[in-house]
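Participant: Here's my sequence, what's the structure:
(2 chains)
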Amino acid sequence: MRYSRYFLFTSKEKPTGAHCMSHSNLLRGCFVSQLAAGIYSFLPLGFRVLKKVWKIIEEEMDRIGALEVLMPAIHPSDLWEKTGRWETMDNVMFKFQDKKGTKMVLGTTHEEIITDIVSKFVKTYKNLPLLLYQIQVKFRDEIRPKGGLIRAREFIMKDLYSFHTSWECLDRTYEEVYKAYIRIFKRLGIPVEVVEAFSGPIGGDVSHEFMVITEAGEDKFAKCTLCGYSASTEIAQIQKKQISYQYKPIGNIQKIHTPNVSSVKQLVDFLNRKETDFVKSILYRSGGKYILVLIRGDKEVNDIKLSKFLGSDFSLAEEDDFTKIGSVKGFIGPIGLENKVQIVADYSVYGLKNIIVGANEKDYHYVEIDYDNILISDFYDLAIVNDGDVCPKCGGEYKIYPSLELGHIFKLGTKYSEPLGAFFTDKDGKVKPIIMGCYGIGVSRILSAIVEMYSSEGSTTWTFNTAPFFVELITINVDDENQYNVSENIYNQLINSDIEVIWDDRKESAGVKFKDWELIGIPLCLVVGAKISRNIVELKFNPRFGKTLPESEARKLIPEGLSVELDVSEVLPTIKNVYTSLNKIYNEK
RNA sequence: CGGGGUGUAGCUCAGACUGGUUAGAGCGCGUGCCUUGGGAGCACGAGGUCCGCGGUUCAAGUCCGCGCACCCCGACCA
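Facilitator: Here you go, the predicted model:
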């Protein structure tokens, strides 16, 4: 490809509105272009990268026997109503009506559709197991899209669905998909962490997320520094505590004036105490009862953990609930409410002495309270884990990492097959619901993830299998006939050797060409300049390309100083050699 | 949904507070010269519904009202 004929309009300036590096680089490198909030076009260069990611996913899906389909992006409401998700996913759905007034939705995901398809055709155990997947556009009307492709409202996703006669069979497929995902991310050059995860409204009980560690993400996971166990902070538990608790009502209670000071943060400043000297009290309604949850001031309640204890039907109390139980929002505390609410505490409250709690009176707190002065009905693990919390597997310490979710695999069971009537006749002649799994990968998001991994502002680095071209050929002075002719010759040789090359044949200054090379993230750069009079050209490596490789390989392939001078006759063999070595690392069966 | 910000040339932004000729800069774009190993230089030039609608005024990019879009923080998020 000749640069002069390509669609490539790079930007020297950092775009406004791009607040993370990958977003900025993808815009500046002319990979994508924004149409509306969270809605992007893939431009020729970006689409090349997308297709490369796409292809690797297809290859690995093929390898586990999954069959590719393409389902509609527009769905009528009926299937969604059958599973109840017309309501439960309403907050992210783009809904509209067709000209007949039929309710429609832009597909947020495709469990309903694929299950419907399978239910029409698969009637016997003889046709199972079955794996179907697609790479398709998904629509989610996120309230706040951000980070470019990281959280978009229209995005590309790979979704695989598996269908089984038994849980054992699902388990085996789940394992295979897990391994396929590991291979996919390895081939893409993305270091992923697999973490146990919450399966959420999609259903099922087991799930794993494939995360990359980056500040640009929107999730967090906890990893044990000792045994390596890791889990999303949505579900990460801590080691159970031995509780030996006896209620000792306090005789002489001390109250202090805290005018208009209610949040822990404000109290810390006002009283000059530590966050851990406070116990927060959070009031919930559940099944007509009130539950007061106590938690140490530095911690946050994990609603998912709480729902295990309260059931799914609970909500935060509102203003008038506080009045009903004789308390005040902002100053609620456990002492004095013993008869009106059930009091449960997070483990973090256990053993605390000389703490401060709300006095159920506007502008007042109680001080010098011990944990056993509070009537607590039970202690549970209810908090979102922090650094230093104790791993339930080995007693080691957790560390929390910011992360971006690239893949998520679920065991669904019969959540969709039953309501949508996907049944099969088993060997024993009985009709049973098909057991399902589903497995997603955020394909477009992967582009952002790779850029976040290895690039810096204004200088992108793609990995071997994702780089839009393998070599950028730069001719310093295209008016120099010798430089031009040698370049053209090398360009043709590379094409004939199936090495993807973009030739910067523009009449631009050298600086412009080098900056663009770095911005668009091509691994190798071959420079044809004045030294061509001595038959010498220079081969340069992208500044961070080595980081995308295993260290030993990087040492072997990449010269010190990232650059080497070559005789023209050595160019093709050298590039081919690097290409073959990398291909072996990333694409060997 | 709450809080905040922004909207002027293709891009990044000044001008607005205190209304007043023909609305500016840098970059980019075009032409010519020069230059060709890290976004070079000189000259000339093209390019604007100042987000939209309404209002105040002799006069609105500027003031007022309504709306829209985009961005940020929070809430939300298979």
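Participant: How about the stretch 251-400 of chain A: which residue is closest to RNA strand B?
Facilitator: residue A:303 (7.0 Å; Cβ to the nearest atom of the strand). Glycine gets a C-beta too; all of them are placed from N, C-alpha and C.
Participant: Just give me the neighbour total for that residue.
Facilitator: A count of nearby residues for residue A:303, using other Cβ atoms under 10 Å, gives 14.
Participant: do residue A:243 as well
Facilitator: Neighbour tally, residue A:243, other Cβ under 10 Å: 13.
Participant: Also residue A:280?
Facilitator: 24.
Participant: Can you give me the pLDDT of it?
Facilitator: If you check residue A:280, the pLDDT there is 91.
Participant: Next, give phi and psi for it.
Facilitator: phi -80, psi 140 (degrees, to the nearest 10).
Participant: Hmm, it is touching residue A:268, no?
Facilitator: No. Using Cβ atoms under 8 Å, residue A:280 makes no contact with residue A:268, being 12.0 Å away.
Participant: Common neighbours of those two, please.
Facilitator: Common neighbours of residue A:280 and residue A:268 are listed as residue A:297 (criterion: Cβ atoms under 8 Å, 6 or more residues apart in numbering).
Participant: The stretch 1-150 of chain A: helices as residue ranges?
Facilitator: All helices of the stretch 1-150 of chain A, identified by DSSP state H, counting those that start in this stretch, fall at A:21-28, A:44-63, A:77-83, A:85-88, A:111-121.
Participant: Quick check: which of those helices is buried the most?
Facilitator: helix A:21-28 (a mean of 25; mean count of other Cβ atoms under 10 Å).
Participant: then that helix to PDB, C-alphas only?
Facilitator: The C-alpha coordinates for helix A:21-28 follow below in PDB (Å, rounded to 0.1, in the frame of the first residue of the first chain):
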ATOM      1  CA  MET A  21      -4.300   7.400  25.700                       C
ATOM      2  CA  SER A  22      -5.800   4.700  23.600                       C
ATOM      3  CA  HIS A  23      -8.700   6.900  22.600                       C
ATOM      4  CA  SER A  24      -6.400   9.700  21.700                       C
ATOM      5  CA  ASN A  25      -4.000   7.500  19.700                       C
ATOM      6  CA  LEU A  26      -6.800   5.800  17.800                       C
ATOM      7  CA  LEU A  27      -8.200   9.200  16.800                       C
ATOM      8  CA  ARG A  28      -4.800  10.700  16.000                       C
END
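Participant: shaky segments in chain A?
Facilitator: Flagging of chain A using pLDDT under 70 yields the residue ranges A:200-205, A:312.
Participant: Spatially central residue for it, please.
Facilitator: residue A:405 (1.3 Å; Cα atoms, centre = their mean).
Participant: Let me know the secondary structure of that residue.
Facilitator: Using DSSP: H, G, I helix; E, B strand; the rest coil, the structure places residue A:405 in strand.
Participant: Do I have it right that it meets residue A:217?
Facilitator: Yes. The pair residue A:405 / residue A:217 is scored as a contact, 7.1 Å apart, by Cβ under 8 Å.
Participant: Find residues that contact each of the two.
Facilitator: residue A:211.
Participant: And chain A, what are its domain boundaries?
Facilitator: In terms of domains, chain A is parsed into A:18-236+A:400-451, A:254-380, A:469-587 (source: automatic domain parsing).
Participant: Quick check: which of the ones you listed is buried the most?
Facilitator: domain A:18-236+A:400-451 (a mean of 19).
Participant: can that domain be found next to RNA strand B?
Facilitator: Yes. Domain A:18-236+A:400-451 lies within reach of RNA strand B by Cβ under 7 Å from any atom of the strand, at A:19, A:28, A:34, A:36-38, A:91-92, A:108-109, A:138, A:140, A:142-147, A:151, A:157, A:159, A:199-202, A:218, A:408, A:410, A:440, A:442.
Participant: Keep only those of the residues you listed that are in strands.
Facilitator: A:34, A:36, A:138, A:157, A:159, A:408, A:410, A:440, A:442 (DSSP state E).
Participant: List the contacts of the fourth one.
Facilitator: Meaning residue A:157. Residue A:157 neighbours (Cβ under 8 Å, 6+ apart): A:109, A:135-138, A:440-444.
Participant: Leaving out the residues flanking it, which one is nearest to it?
Facilitator: residue A:138 (4.8 Å; Cβ to Cβ, 6 or more residues apart in numbering).
Participant: give the contact list for that neighbour.
Facilitator: Going by Cβ under 8 Å, 6+ apart, the list of residues near residue A:138 reads A:107-109, A:154-157.
Participant: cool, and residue A:359?
Facilitator: A:255, A:331, A:333, A:335-336, A:365-366.
Participant: Sort out which of these are in strands and list them.
Facilitator: Per DSSP E, the contacts of residue A:359 map to strands at A:255, A:365-366.
Participant: just the residues you listed that are near RNA strand B?
Facilitator: By Cβ under 7 Å from any atom of the strand, no member of those lies near RNA strand B.
Participant: can you put the residues you listed in JSON lines and add distance to residue A:489?
Facilitator: Formatted as JSON lines, these follow (distance: Cβ to Cβ, whole Å):
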{"residue": "A:255", "distance to residue A:489": "89"}
{"residue": "A:365", "distance to residue A:489": "82"}
{"residue": "A:366", "distance to residue A:489": "85"}
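Participant: ok, then the element right after the one helix or strand residue A:291 maps to?
Facilitator: Here residue A:291 sits within strand A:289-296, counting by DSSP states H and E. Using DSSP H and E, the helix or strand that follows strand A:289-296 in sequence is helix A:303-310.
Participant: circling back: mind putting the domains of chain A in a markdown table, distance to residue A:4 included?
Facilitator: Formatted as a markdown table, these follow (distance: least, Cβ to Cβ, whole Å):
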| stretch | distance to residue A:4 |
| --- | --- |
| domain A:18-236+A:400-451 | 14 |
| domain A:254-380 | 55 |
| domain A:469-587 | 5 |
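Participant: who wins for proximity to residue A:387 among those domains?
Facilitator: domain A:18-236+A:400-451 (5.3 Å; Cβ to Cβ).
Participant: chain center to that closest one, what's the gap?
Facilitator: Centroid separation for domain A:18-236+A:400-451 versus its chain: 11 Å, with Cα atoms, centre = their mean, to the nearest Å.
Participant: what sits opposite residue A:151 in the beta ladder?
Facilitator: residue A:146 (DSSP bridges).
Participant: Check whether the host helix or strand of residue A:584 comes near RNA strand B.
Facilitator: Here residue A:584, judged by DSSP H and E, is contained in helix A:568-587. No. Legend: contact between helix A:568-587 and RNA strand B by Cβ under 7 Å from any atom of the strand is lacking; minimum distance shown is 11.6 Å.
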